[in-house]
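Student: Below are the sequence and a predicted model; questions follow.
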Amino acid sequence: MGSAILNGILMGSIYGLTAVGLTLIFGVLKVINFAQGAFLMSGLFATYWFVKFTGTNPYLALVVVVPFTYFMGYYIQKFLIKPVFESEKDVREPIGVIIVTTGIWYMLDNLALMLFGAQYRTINVPSVSKAISIFGLYAPLSKIIGFFISITVSGLLFWFLKYSKMGKAIRATSQDREAASLMGINQYKIYNVTFGIGTAICGIAGAVLLPFYYVYPTVGMHLDIMDFVIVVLGGLGSIPGALVGGLIIGLIESVGSQFIAYSWTIEVIYIIFLIILFVKPSGLFGVKGEF
Amino acid sequence: MSFLEIANIDVAYGDIEVLFDVSLYIEKGEVLSVIGANGAGKTTTLKTISGLLHPKKGSIIFNDKRIDNLSPEIIVERGIIHVPEGRRLFPFMSVEENLEMGSYNSRAYDDRFETMKKVFDLFPRLKERRRQLAGTLSGGERQMVAVGRGLMAKPEILMFDEPSLGLAPILVKDMMTAIKEIADKGTTIILVEQNIHASLNISNRAYVLEQGYVVNNGDAKQLLDDPSVQKAFLGI
């Protein structure tokens, strides 16, 4: 039981990290990014091929995966999303952009299918797959490393948004984009950077997931739905909300599967999700009304 | 050529035309009022100068260069700063962070701490509240932050849209005094107001807008007594 809780927390923090990317993009662009799962898949594949070709471990892959996913997000926003976004800028809820992100999702998934085939792939990293004991509870080293990377990345993101000039400009744009323009902030550049960061976070999540996960072209789908639940649960646009939401889901999944079949834990997740939405429709950390 | 010169602009939101053949100019160091009733096109005029809207026809020339097709952030870099109607602060940022955002442009950023001191001298109240979230301030304090945020950008022209809106009469007076003080230190000011007495009293010249047309302009003090202005605003 103790180990189940520990594993739930470790896994939950990584789910939380994948959701942080989604919530950041939503918080700033007010666009639900349906391509998030496909970005995660890209991060997983990038890590997979890096490990395959270099024979090193997946954490070293971050050096390549982070810039790769960052620029992928940056340019997808700049060339594919921005034109649609610009033409819908006076619309309260830009539907066109959501359809574009859905298109990107399908395009990336099928591109991966064409290039890599549909089979499940895993990597075997013996050095990190062994379980180690913390206070008598057992968890695989890869999940523990994943936990620390998730916490570190979230902490860095928080610091960046709170104190850097660009981070403050991102927050300002998320709160009032027209006022931000009047400050001399180029809102489209902010969107490019935000999209890049959100995508890079997915890349990082991919790298830490890979040692105990598998990768195939539509792997993003499962995590995508999970991420939407986490983000709405925690409060749309809230970064602490995404982390806490991730932990809740991770714990339910891990502890629940001690008592019931794994596939039933998903049922439990949705029931708790609905209860929280009934009690607090804006999510745990959500701000009521406008964000 | 004047400091800022708007020549015969037409501006529309989609198909709905709001400004018709509007021309106005402003000299360096002046305080210029643009007055008019609701829907006369005052805010639209400011939004067009700051680049949030682009004219369908006509030109805007600032410092001998055309600016009417530039984006807002480039116009901010050039030195025209727009303090929007309704303050438009960043509610989840502190007073200090809001002010810092004002100095985002490259002309102002390096001097931001110095400029912030000057803003705190002008509005000592803000110094006390500098760590407070802007969304939790009172109306008067929010307006101070909005004005301070405009000053943080080191403006050459500072444009105010309805700075007295929603303020108690005593605060309106304070706000106008502060604007006058900013002008006396050498900043050129465009003031858009419905409160014509307050604004004309501190202005050199004024333009009167009605239904998107400039219907009158001239010396601010003379306009204050002009029967056409009285009529337009008081409905007599």
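Tutor: Great, that's in hand. Numbering: from 1, shown residues only, chains lettered A, B, ... in the order given.

Student: Show me the contact partners of the helix or strand bottoming out on mean pLDDT in chain B.
Tutor: Each helix and strand of chain B was given a mean pLDDT (mean pLDDT, DSSP states H and E); the minimum falls on helix B:227-234 at a mean of 73. Residues lying outside helix B:227-234 but in contact with it, judged by Cβ atoms under 8 Å, 6 or more residues apart in numbering or on different chains, are B:35-37, B:196, B:208, B:210, B:215-216, B:223, B:236. (Glycine included, C-beta is placed from N, CA and C.)

Student: Now a PyMOL select for only the buried ones of those residues.
Tutor: Filtering these down to the buried ones (16 or more other Cβ atoms under 10 Å in any protein chain shown) takes a single PyMOL command:
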select buried, chain B and resi 35+36+196+208+210+216+223
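
Student: Kindly give the local confidence score, pLDDT, for the nearest residue to A:S254 once chain neighbours are set aside.
Tutor: Ranked by Cβ to Cβ, 6 or more residues apart in numbering or on different chains and with sequence neighbours excluded, the top spatial neighbour of A:S254 is A:G8, at 3.2 Å. A:G8 is assigned a pLDDT of 93 by the prediction.

Student: Now do the contacts for A:G8.
Tutor: The neighbours of A:G8, taking Cβ under 8 Å, 6+ apart as the test, are A:247, A:250-255.

Student: try 7 Å
Tutor: If you count contacts by Cβ atoms under 7 Å, 6 or more residues apart in numbering or on different chains, A:G8 has them with A:250-251, A:253-255.

Student: any chance you could map the helices in chain B?
Tutor: Using DSSP state H, the helices of chain B run over residues B:42-49, B:72-78, B:95-102, B:112-122, B:124-128, B:139-152, B:169-184, B:196-202, B:220-225, B:227-234.

Student: Check what pLDDT the residue lying closest to B:I61 once chain neighbours are set aside gets.
Tutor: Leaving out its chain neighbours, the residue that sits closest to B:I61 by Cβ to Cβ, 6+ apart is B:E5, at 4.7 Å. pLDDT for B:E5: 96.

Student: before we move on, what about the one 3 residues further on?
Tutor: The predicted local distance difference test score for B:N8 is 96.

Student: Name the residues of whatever helix or strand A:G196 lives in that come out as buried.
Tutor: For A:G196, the host element (DSSP states H and E) is helix A:187-209. Residues of helix A:187-209 classed as buried by neighbour count (16+ other Cβ under 10 Å): A:187-188, A:190-209.

Student: cool, stretch B:56-74 as well?
Tutor: Taking 16+ other Cβ under 10 Å as the neighbour-count basis, stretch B:56-74 is seen to contain the buried residues B:58, B:60-62, B:67-68, B:70, B:72-73.

Student: can you put these in JSON lines and add pLDDT?
Tutor: As requested, those are exported to JSON lines (pLDDT from 0 to 100):
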{"residue": "B:G58", "pLDDT": "96"}
{"residue": "B:I60", "pLDDT": "97"}
{"residue": "B:I61", "pLDDT": "97"}
{"residue": "B:F62", "pLDDT": "97"}
{"residue": "B:I67", "pLDDT": "96"}
{"residue": "B:D68", "pLDDT": "94"}
{"residue": "B:L70", "pLDDT": "96"}
{"residue": "B:P72", "pLDDT": "95"}
{"residue": "B:E73", "pLDDT": "95"}
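
Student: And the residues you listed, which two are furthest apart?
Tutor: Taking Cβ to Cβ, the two most distant members of these are B:G58 and B:E73; they sit 22.2 Å apart.

Student: circling back to that earlier point, which strand residues bridge the residue nearest to B:I61?
Tutor: Beta-bridge partners of B:E5, counted by DSSP bridges, are B:Y25, B:I61.

Student: and it, how many residues sit next to it?
Tutor: The tally of other residues near B:E5 (other Cβ atoms under 10 Å in any protein chain shown) stands at 16.

Student: and the angle for the helix or strand containing A:Y106 with helix A:187-209?
Tutor: A:Y106 belongs to helix A:95-116 when assigned by DSSP H and E. Computed with axes from the mean of the first three to the mean of the last three Cα atoms, to 10 degrees, the direction of helix A:95-116 lies at 40 degrees from that of helix A:187-209.

Student: For helix A:95-116, which residues meet the burial criterion?
Tutor: A:97, A:100-101, A:104-105, A:108-109, A:112.

Student: What degree of burial does the closest residue to B:T188 other than its chain neighbours show, as a neighbour count?
Tutor: Counting by Cβ to Cβ, 6+ apart, B:I157 is the residue found nearest to B:T188 once chain neighbours are left out, at 4.6 Å. The criterion is other Cβ under 10 Å. On that basis, B:I157 has 24 neighbouring residues.

Student: Let me see the contact set for B:I157.
Tutor: Contacts of B:I157 (Cβ under 7 Å, 6+ apart): B:4, B:79-80, B:188, B:190.

Student: Just the element for the residue nearest to A:S254, please.
Tutor: Secondary-structure assignment from DSSP H and E places A:G8 in helix A:2-29.

Student: returning to what we had before: okay, the contacts of helix B:227-234 in TSV with distance to A:S238 and pLDDT next?
Tutor: Conversion of the contacts of helix B:227-234 to TSV gives the following (distance: Cβ to Cβ, whole Å; pLDDT from 0 to 100):
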residue	distance to A:S238	pLDDT
B:I35	44	92
B:G36	42	88
B:A37	43	85
B:I196	45	87
B:V208	48	92
B:E210	47	90
B:V215	50	91
B:N216	52	91
B:L223	51	90
B:I236	54	46
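
Student: now, which of the contacts of helix B:227-234 lie within strands?
Tutor: Taking DSSP state E as the definition of strands, the contacts of helix B:227-234 contribute B:35-36, B:208, B:210, B:215-216.

Student: Closest to A:P281 out of these?
Tutor: Closest approach to A:P281 among those (Cβ to Cβ): B:G36, at 42.4 Å.

Student: quick one: that closest one from B:E210, how far?
Tutor: The span separating B:G36 from B:E210 equals 6 Å under the rule Cβ to Cβ, to the nearest Å.

Student: Domains in chain B, by residue range?
Tutor: The domain map for chain B lists B:1-79+B:156-162+B:180-236, B:82-154, with the assignment taken from automatic domain parsing.

Student: possible to save those domains as JSON lines with distance to A:A38?
Tutor: Formatted as JSON lines, the entries for those read as follows, by distance: least, Cβ to Cβ, whole Å:
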{"stretch": "domain B:1-79+B:156-162+B:180-236", "distance to A:A38": "31"}
{"stretch": "domain B:82-154", "distance to A:A38": "31"}
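
Student: Which one, of those, ends up nearest to A:D90?
Tutor: Distances from A:D90 to each of the domains of chain B were compared using Cβ to Cβ; the shortest belongs to domain B:1-79+B:156-162+B:180-236, at 8.8 Å.
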